[in-house]
Every structure is written in structure tokens, then in C-alpha cells.
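Undergrad: how would this look folded up:
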Amino acid sequence: MLIAGVDEVGMGCIAGPVYAAAVVLPADHGIVGLRDSKKISAGKREQLAVQIRQRAQLFAVASASVEEIDTLNILSASWTAMARAVAQLDPRPTLCLVDGAHAPELEVAEVRAVPGGDRTEEAIMAAAILAKVARDAEMVRLDALHPGYGFAQNKGYGAPAIAALNALGVCRPHRRTFAPVRSLLSG
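TA: The predicted structure follows:
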């Protein structure tokens with residue numbers, strides 16, 4: 001049985017795409033330090049991402065754009081990113097373990113939602129790390145294109161992101177359907 005862990009990052013921020021990854025780890029992967037990606041420093045995530053890419057049996061990273069988020073809604077866009085990641089795996093896994101209480105339909109034999117899976121399933125932890133590293137890199141790229149918003153530091157999250165939004169206005173990476181952005185646009 002080929003089992004993939006699947007997770008997303010970037011659902012709760014006001015800017016940037018949502019990313020997802022799918023990872024199949026061999027039983028003897030030997031990666032030390034896998035855990036919830038939110039509890040690992042950026043430097044450690046980068047190191048782990050290198051090991052995951054080297055040692056995973058299969059892995060893929062995908063995203064859904066800000067436009068897709070605004071058109072579909074954030075949950076549907078995150079599931080779209082997950083489906084894109086899984087679709088890149090060859091061969092397709094027989095089972096996908098998806099972090100969360102609900103799981104999208106994926107083109108595999110079985111999909112199982114795993115609440116708290118980013119703390120209990122190593123393949124999900126690995127997927128979250130790859131997705132976070134990829135999304136963080138995209139936010140650094142967007143920071144260079146849109147200086148002043150602090151995307152490289154805040155990644156579109158929290159009070160600093162909202163303060164920059166209020167000070168500078170809306171730019172292309174902002175999610176127009178998210179309350180702080182929508183509120184500013186509506187005056």
C-alpha cells in the first residue's frame with residue numbers, strides 16, 4: 001500500500017497563494033526532527049525540506065492562486081492545491097492521509113481525514129514542511145515585487161500584515177474576499 005501524507009499552508013493569511021504538498025515516505029526514511037511545521041524554525045524547516053526531497057519515495061508541491069482563492073473560497077482553493085499535488089505523484093498513492101477534520105476528493109482509492117495529523121503522521125508533517133517552505137519562498141518573492149508590506153517577514157499573517165495593508169492599500173497579492181481587504185476596498 002502506497003500512503004501519502006497531504007497538507008496545506010496559508011489558509012488564514014490575507015495575502016498570497018495557498019500551497020499544498022503530498023509526500024510518500026519510506027518506512028526507513030531516517031529523517032530526524034519531523035514535527036508540526038508551525039513549531040519548527042524557518043532554518044530547520046529548510047534543512048528538513050532538503051532531507052524530505054532526498055529521502056521521500058514520492059513528493060509534489062502545488063498551489064492555488066489568489067484569484068482562485070477569491071473565486072472559489074479558501075477551503076475549495078486549498079483542496080484544489082491538494083488535488084494538484086496528489087495528481088503529480090506517479091504512481092498514485094492508494095491512500096491519502098489529509099490533515100484536518102475534512103478531506104477533499106482526490107484521484108486515489110481512499111482518502112482519510114486525520115484531525116491533528118500534522119502532529120501525529122510523519123508523512124503529513126513532511127508534506128506541511130514542503131508546502132510551508134515553498135509558500136515562504138513565494139512570499140519572499142512577492143515581498144521583492146511589493147516592498148513595504150513585509151511579506152518576507154509576516155507572510156501575510158497577523159497584525160503586521162493588516163497594518164501594512166491599512167498604511168499602503170491593497171496590492172495584487174491581497175485576497176480581496178478576506179475581511180480586512182474587502183473592508184478596505186469597500187471604503
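Undergrad: Show me the helices in the chain, by range?
TA: Secondary structure of the chain by DSSP state H: the helices cover 42-55, 66-72, 74-87, 117-120, 122-145, 151-154, 158-168, 179-186.
Undergrad: what would those look like in a markdown table with distance to residue 25 and mean neighbour count?
TA: For every residue, glycine as well, the C-beta is placed using N, CA and C. Compiled in a markdown table, the helices of the chain are given as follows (distance: least, Cβ to Cβ, whole Å; neighbours: other Cβ atoms under 10 Å):
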| stretch | distance to residue 25 | mean neighbour count |
| --- | --- | --- |
| helix 42-55 | 7 | 16 |
| helix 66-72 | 29 | 17 |
| helix 74-87 | 15 | 22 |
| helix 117-120 | 13 | 19 |
| helix 122-145 | 5 | 23 |
| helix 151-154 | 30 | 19 |
| helix 158-168 | 32 | 15 |
| helix 179-186 | 37 | 13 |
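Undergrad: Make TSV out of those and add distance to residue 100 and mean pLDDT.
TA: As requested, those are exported to TSV (distance: least, Cβ to Cβ, whole Å; pLDDT from 0 to 100):
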stretch	distance to residue 100	mean pLDDT
helix 42-55	20	97
helix 66-72	17	98
helix 74-87	9	98
helix 117-120	7	95
helix 122-145	10	98
helix 151-154	24	98
helix 158-168	21	96
helix 179-186	22	94
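Undergrad: now those helices in CSV, with distance to residue 19?
TA: As requested, these are exported to CSV (distance: least, Cβ to Cβ, whole Å):
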stretch, distance to residue 19
helix 42-55, 12
helix 66-72, 12
helix 74-87, 6
helix 117-120, 14
helix 122-145, 4
helix 151-154, 14
helix 158-168, 17
helix 179-186, 19
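Undergrad: Could you pull up phi and psi at the residue nearest to residue 167 when sequence neighbours are not counted?
TA: Nearest residue to residue 167, sequence neighbours excluded (Cβ to Cβ, 6 or more residues apart in numbering): residue 148, at 7.9 Å. Here is the backbone geometry of residue 148 (degrees, to the nearest 10): phi 100, psi -20.
Undergrad: Got the confidence number for residue 148?
TA: Per-residue confidence (pLDDT) for residue 148: 97.
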